[in-house]
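[1] turn this into a model:
(chains A, B, C, D and E)
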Amino acid sequence: MTRHTKTRKKKIGRPPGTMVFVGEQKTDRPLISVMDFTADHLDEREVKKVEQLAPLRDQRGTSWINVTGIHDTTLLEKLGAAFGIHPLTLEDIVNTAHRPKVEEFDTYLYLVMKMLHYDETKERIVSEQISMILGSHFLISFQEAPGDVFDSVRERIRKGKGRIRNSGCDYLTYALIDAVVDHYYLILERLGEQIENLEGELLDELPGKQTLQTIHHLRREAIHLRKQIWPLREMVGLLSRGEFERIQPSTHVFLVDVYDHVIQVLDTVEIYRDMLGGLLELYMSTVSNRMNEVMKVLTIIATIFIPMTFVAGIYGMNFEHMPELHWRWGYAAIWAIVAAIAIAMLLFFKRKKWI
Amino acid sequence: MTRHTKTRKKKIGRPPGTMVFVGEQKTDRPLISVMDFTADHLDEREVKKVEQLAPLRDQRGTSWINVTGIHDTTLLEKLGAAFGIHPLTLEDIVNTAHRPKVEEFDTYLYLVMKMLHYDETKERIVSEQISMILGSHFLISFQEAPGDVFDSVRERIRKGKGRIRNSGCDYLTYALIDAVVDHYYLILERLGEQIENLEGELLDELPGKQTLQTIHHLRREAIHLRKQIWPLREMVGLLSRGEFERIQPSTHVFLVDVYDHVIQVLDTVEIYRDMLGGLLELYMSTVSNRMNEVMKVLTIIATIFIPMTFVAGIYGMNFEHMPELHWRWGYAAIWAIVAAIAIAMLLFFKRKKWI
Amino acid sequence: MTRHTKTRKKKIGRPPGTMVFVGEQKTDRPLISVMDFTADHLDEREVKKVEQLAPLRDQRGTSWINVTGIHDTTLLEKLGAAFGIHPLTLEDIVNTAHRPKVEEFDTYLYLVMKMLHYDETKERIVSEQISMILGSHFLISFQEAPGDVFDSVRERIRKGKGRIRNSGCDYLTYALIDAVVDHYYLILERLGEQIENLEGELLDELPGKQTLQTIHHLRREAIHLRKQIWPLREMVGLLSRGEFERIQPSTHVFLVDVYDHVIQVLDTVEIYRDMLGGLLELYMSTVSNRMNEVMKVLTIIATIFIPMTFVAGIYGMNFEHMPELHWRWGYAAIWAIVAAIAIAMLLFFKRKKWI
Amino acid sequence: MTRHTKTRKKKIGRPPGTMVFVGEQKTDRPLISVMDFTADHLDEREVKKVEQLAPLRDQRGTSWINVTGIHDTTLLEKLGAAFGIHPLTLEDIVNTAHRPKVEEFDTYLYLVMKMLHYDETKERIVSEQISMILGSHFLISFQEAPGDVFDSVRERIRKGKGRIRNSGCDYLTYALIDAVVDHYYLILERLGEQIENLEGELLDELPGKQTLQTIHHLRREAIHLRKQIWPLREMVGLLSRGEFERIQPSTHVFLVDVYDHVIQVLDTVEIYRDMLGGLLELYMSTVSNRMNEVMKVLTIIATIFIPMTFVAGIYGMNFEHMPELHWRWGYAAIWAIVAAIAIAMLLFFKRKKWI
Amino acid sequence: MTRHTKTRKKKIGRPPGTMVFVGEQKTDRPLISVMDFTADHLDEREVKKVEQLAPLRDQRGTSWINVTGIHDTTLLEKLGAAFGIHPLTLEDIVNTAHRPKVEEFDTYLYLVMKMLHYDETKERIVSEQISMILGSHFLISFQEAPGDVFDSVRERIRKGKGRIRNSGCDYLTYALIDAVVDHYYLILERLGEQIENLEGELLDELPGKQTLQTIHHLRREAIHLRKQIWPLREMVGLLSRGEFERIQPSTHVFLVDVYDHVIQVLDTVEIYRDMLGGLLELYMSTVSNRMNEVMKVLTIIATIFIPMTFVAGIYGMNFEHMPELHWRWGYAAIWAIVAAIAIAMLLFFKRKKWI
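    A predicted model of the protein is given here:
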């Protein structure tokens, strides 16, 4: 798929750290929303200028800066300067074709992952890149387009439910990863339903070309899905095993929980692939079966009537000297002969278990 | 299958540690049964209120608390409070779509595994989640539905047979895992019989669409089975290798024994998958073979009679000037010609080894 | 195959260490034969009562106790008591469905492996479980049925050939393992011959349903064989790498030799599986090829004669006004037309390279 | 493909370190261009004689010597002598069939990798070997043919853009590897487009033999591509993990970036292989489907008309005594009979869901 | 293939260290040639008696003893005694069915590998076992048959070219391994050419049964090749990583070079297997395609002419009352009807894109 490599071409030959936005612009103007909170305090606001964010860098408490829309490289550059983000990181943020990964820098952890949802109009899974910069007291998250996936986390912060207000940025990071991974289940469920429908179709009805194309389409979606999620396993595994100092030990148990979910998602994708492979084989066997049946009908009809027609043809000849034509019971004999042929053939097919 | 992801959707967006029961409620009211024993003493009773259990936490001797029915989250919360169970553990207990795993917490080991049995009415393998909390002097086990899989262990405790009364909670844990794994053999045996029947059908009779669907169904069951059991390998392996302090060295040899059984079960599942793959190939080859045979019959009949019919057709024409029609032996010659055609064709097929 | 799980069911729910003989009883009454030897002394006898064996446990020299027939659990219990064998080991000895493995206990090494031979009447490979208890001065081996596989070792002990009389029990253990592995080559050779015959059949003759079933049968045998031998690799590897103190360093080089043989056997089994996979593909391609050929013959005959028959049919019509019928050369013209049709069709097929 | 082993044969039997140019000569005369730079100084020139290069070896600053054309072994020998290059390295440089690798020598690191581009005339991916010798203050790169892949790096050196002028030879090495890997995306994109076109063809139109050959061709290209790139993963991984002292820590983060790209390229190649496998299956299923449809048309027509023709044949017979021929409504009855046959057949096919 | 296990059977039941020559005797009488050299001295001679070799064991300088023909076990026993070779090693030398491996003994390294060449008369790859005993100052190599593979090494020793005369036995060992591995490229090239020819055939012409058998034959050769070479990877890897003291560090770089070649050979064999798999699929798809085409021709002709023949048949009937027969334009109308049928059918096929 060109969707795997698309506008990467734009980048060729540029020095590293050059930001080139690859992907389609999904929002008009980047939106920056800030949630600034401690256990007993919450400040939520929209920000227009990057300059307003700079004080957050070293402030106590937890600041969550969410940037929606990543095509404005000037804005990102300013953000990078304000929070000390490495040019390679900025380059990765705007390169929406990136693999999920976690990378440690001196002053922050950089995480990339994929948000997936099913696009009903295009009828395929589309992915959106989510990047996160986890600093000492701030978390900057980048989305390509506005969406409601983080709303549940916002709600929990607002209501102060659970431990989210009492824990640091690393717990917030966990909460966002968890929200993204939880949405994968929606995709899985949809795919699962489609596979079940397909199976029902295959077992009950006569599969046609449409069925074949659906199998093919779903297999491609499963390949695509696996590619997006597979590297996440490694990334969340690294986070949960305490490889990074920025993740506090108390958060590990939650990340282990996310890790379990990622494994479960991958297991399910693998099972779907196995099942789709099985369905294709079932489809092909069914087609073979049907062709066999078609052939049998043709063969039965043809082998019964062709010899009979030959007999009729013989006595349709106009030879002067054909004694049978003048026999009293000639015509009746012919009927007897063709009946005998038909019965013999039917018995033959019976013995062959074709009928 | 949606059975792999089902009601996970309910959970999306909730804070971690929120218990959401996923699965179908399989029992009316949770039952709590307690077996409290030392080498020379056994106290067995049903308990109505969680509060009655609290003293067991620190009591000497071994307490086995078995909870049947996990949909009552209030009860589980109380239990969690009484025995110091982490909210994530409680969440995992009620999430019946969990992968087998073992997780170590400060005060207990948490184990999840799958009990499998064959549902005769649905004609498929159904799984039930078994969770266990192994504390210092207590073991809490959670079942989704009442069942007789642990009865053999209860019986051994009652009779004081074997070492079960003299050993600690870890040995009891082993005994329960062993009971669950032993039941896998019933599933394997049933699957094995179905595969053998299928093979017999394929080799002896003419396979039809039903056979194909049975192969497909069994393959799905084998995929499903493998998914349920595969992670158990890792879990029992960890337990048997002495990674956890709660498991006493004297119990390792028994866990190694269970580990051997799990490996054997997985080996057998793999062999079943190989065999089912082989059966599908056999099926498809058999169908091809039959189609070939059908085609040969059609071809033999058609190629013998079509030329003969043509000859008859020629002399059925009504041209005024057809000298052959007036020959004395014309009709006889025609019979000679069609006989020659038939014999030539038969010889041709003989040489081709079609007949 | 049910042969993978057979009477395991009998065991479900019993405490560990309960001996339940699974398998078919292959001999009437267990036979116990003892060979007691040092470098310059050999004492060979049959023993009726286990009690007679007890002194051997701590005696100097090497004692080889061979038990043929393992269905008598009372006898095994006595033996276990006399030689300090763990109940789990006794359970494993009588459970003939066990995987090859080596397990270290305080006073002995326990080894399980599979003796294989080809049963000519059942036309399949049957396996027999061989267990060995390697103590400090004794080796107890258990066979399911009398057989001649260990005769060569006995002969070497009797004749004092090689180092067998001068080395300890560990060397004797090696000699027995070696004898078993050597017999695998007979199975391989037989399988190899069958595959070669099959290949010859496929390349030279026309394959039929029988060929397909033979391929299927051999593939199953190869799967079965691999399952029996694969775990042996790990077991012999452990022995040869000096993981166990009971195996003296001087024996390692011999065990490495056996390890090489096991690897070679497994390699060959893998090659056989690849080859059988290749043969199935060859078979299916050959069937396709033949069907193509059949179809071509049918098509050539049918497409030549059907149009010609149509022409003949036209002039067999009884219309009053058919001017051609009265033409002088009408009949000859018809022959010219059908000849032209035939030639055109033949040229068409020629160009298509069908003939 | 012979392109995998080609003129390796020339080398057989020669002592190691013998330079034998394998491959086709792609340029007339080797060109040697030198870029000699520090942060504030750049000297760029063409060099005719190897002797002119010798002083560069120990000079401060960074010297990049690019050799285009590697068939002149005398020149390479001189170069080897001047810069202390091991004969085995020289042998590897001229052996264009080498696998990507990195090898550490006392005074330099030796790197081999493949430059890939799509040859429009041959319609396949061609590869060119790039070797690099990374010394303390110099980098010697070898290309088989002139090309523009390194032009972007040259441009950055000339303009002093980015950190390239301030960093050492190791960063320059990174820049060249990055330039090569970036070009892989062009190949991927082209392959991706071809696969997408193919998929469109398969889904919309009727696939013919050409489609099959294109699938086959693309699969071979994907196999070839994977072989060229796979070992690069290991090589760049080694470089980025700080295994070599010549690579400064500050360069690691850039090499990790390249490593990410290599992984992404390999992932995409794997996905392409999966997709091509899927397309082949789709193709074969489509062909089966179509054959089924063809068969159905034939069967419907034949089974309707063959019985009807038989009926007509019967009453074309010339028996003297055929009472039906003289019935008033005989002819009409025949039409009724053949219509009944046709309708019965159509209903039969309707029920079978063939029409 | 029985060639994988052949006369192994002879050995069953014998004590370890019993030399049993397995394989076919490929030479009359073993030839022993000795090359005895230091940097400035070379002594080359044929030796008749093993006793003459004994002094070489401890002599300074490098002695290369090459034994051609290994069926004379008495000679080997004497050699073993003279050079202190372990009986198991002698057993391995004469067992020509051995896997490539390296084994360390106290006084020597033992290496086994396979020399491969293409037997033009048998049309398959045949392998010959090469064993080497690397002692402190001597190297004994064993070949099954005379051959020219080591001639290039001999030539280099004679001419004193390269470092061979100045380096020790380990370098000589490397030189021999290198000579053997270099010859693998000839096999690869031949296989590669055959695959390319096959591909050309498949794409250009109509594949027949011969093509199928060639694919099958080449796949078997590739499986065989891989089996012979795969273990070499491990063996040369061990040698090159400095696991053995007998290999001097200065030789490691050369062994790494051989290791690269072995990897390259294996990569190429893997690619060949992938390509042959691809060719088989191409073959089967082509056969399917052709059958589809055949079916289409048959269907087109049959479905056009069968209905037309029916029409002609109707008016060939002899009913007394058939009004159409007496119509003036009846005959012309029939022609119009059959033409209409033909045109309708052709349009139908046109729309179906069959023609």
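
[2] show me what from the stretch 201-350 of chain A comes close to chain C.
    Contact residues (C-beta under 8 Å from any C-beta of the partner chain) of the stretch 201-350 of chain A with chain C: A:Gly316. C-beta: built from backbone N, CA, C; applies to glycine.

[3] low-scoring stretches of the stretch 201-350 of chain A, by residue?
    Within the stretch 201-350 of chain A, the segments meeting pLDDT under 70 span A:205-206.

[4] list the contacts of A:Tyr171.
    A:Tyr171 makes contact with A:Arg163, A:Ile164, A:Gln248, A:Ser250, A:Thr251, A:Phe254 under the criterion C-beta atoms under 8 Å, 6 or more residues apart in numbering or on different chains.

[5] now do 10 Å
    A:62, A:139, A:162-165, A:247-248, A:250-251, A:254-255, B:16 (C-beta atoms under 10 Å, 6 or more residues apart in numbering or on different chains).

[6] buried ones among those residues?
    Of the members of the contacts of A:Tyr171, the ones counted as buried by neighbours, 16 or more other C-beta atoms under 10 Å in any protein chain shown, are A:Thr62, A:Leu139, A:Gly162, A:Arg163, A:Ile164, A:Arg165, A:Ile247, A:Thr251, A:Phe254, A:Leu255, B:Pro16.

[7] looking at this, the third one is in a strand?
    No. The assignment for A:Gly162 by DSSP: H, G, I helix; E, B strand; the rest coil gives coil, which leaves it out of any strand.

[8] following the chain onward from the longest helix along chain A, which element is next?
    With secondary structure taken from DSSP state H, chain A has its longest helix at helix A:249-314. Using DSSP states H and E, the helix or strand that follows helix A:249-314 in sequence is helix A:330-351.

[9] what residues of that following helix count as buried?
    Buried residues in helix A:330-351 (16+ other C-beta under 10 Å): A:Gly330, A:Tyr331, A:Ile334, A:Val338, A:Ile341, A:Met345, A:Phe349.

[10] over to stretch A:28-38?
    Buried-residue list, stretch A:28-38, by 16+ other C-beta under 10 Å: A:Pro30, A:Ile32, A:Ser33, A:Val34, A:Met35, A:Asp36, A:Phe37.

[11] tell me the one among those residues nearest to E:Asp267.
    Distances from E:Asp267 to the buried residues of stretch A:28-38, taken as C-beta to C-beta, are shortest for A:Pro30 (47.7 Å).

[12] ok, the closest one to A:Lys48 distance?
    As judged by C-beta to C-beta, to the nearest Å, A:Pro30 and A:Lys48 stand 10 Å apart.

[13] how about A:Ala54?
    A:Ala54 sits 14 Å away from A:Lys48, taking C-beta to C-beta as the criterion.

[14] and what of A:His217?
    A:His217 sits at a distance of 43 Å from A:Lys48 (criterion: C-beta to C-beta).

[15] which of those two has more residues huddled nearby?
    A:His217 (15 against 9; other C-beta atoms under 10 Å in any protein chain shown).

[16] roughly how far does that one sit from chain C?
    28 Å (C-beta to the nearest C-beta, to the nearest Å).

[17] good, we can wrap up now.
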